[in-house]
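Undergrad: I would like to see how this sequence folds:
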Amino acid sequence: MLVVNNYYSVLQQTLTLVDRAKALSPQRYSNHYIVKILLVCNTFSAEYCTEYGYQQMMMGNLKGAISSFRNALKIDEGCEKALNGEHKALG
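TA: Purely as a prediction, here's the structure:
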């Protein structure tokens, strides 16, 4: 499930942006649109962790993907997408 080099760099940038946005102080950057989007989308939701895991898996980072899927399952034990993703990453 690896992606072509052009898409790899795009996925790498999206994951980097999300990591940086999570690290921003909401009080200091509360008017920044990325922080607003992440706060609205609840960055710590199972869906977020699952999507992050699928992007990691597409980049070949299976260890990171498994960790993301497991974080999603800690939030929502019944998250089928996270269960399926973990199964694919382990398989």
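Undergrad: near Ser67, how many other residues are there?
TA: 17 (other CB atoms under 10 Å). Any C-beta I mention is one placed from the backbone N, CA and C, and that applies to glycine too.
Undergrad: Three-state assignment for it, please.
TA: helix (DSSP: H, G, I helix; E, B strand; the rest coil).
Undergrad: got a list of what it touches?
TA: Listed by CB atoms under 8 Å, 6 or more residues apart in numbering, the contact set of Ser67 reads Gly53.
Undergrad: roughly how far apart are it and Asn6?
TA: 26 Å (CB to CB, to the nearest Å).
Undergrad: before we move on, what about Leu90?
TA: From Leu90 to Asn6 the distance is 28 Å (CB to CB).
Undergrad: between these two, which has more neighbouring residues?
TA: Leu90 (10 against 7).
Undergrad: residues in contact with that one?
TA: Here Leu90 is in contact with Ile66 (CB under 8 Å, 6+ apart).
Undergrad: also Tyr54?
TA: 65, 85.
Undergrad: now do 10 Å
TA: 1, 11, 65, 68-69, 81-82, 84-85, 88-89 (CB atoms under 10 Å, 6 or more residues apart in numbering).
Undergrad: what number of residues lie near Glu80?
TA: 9.
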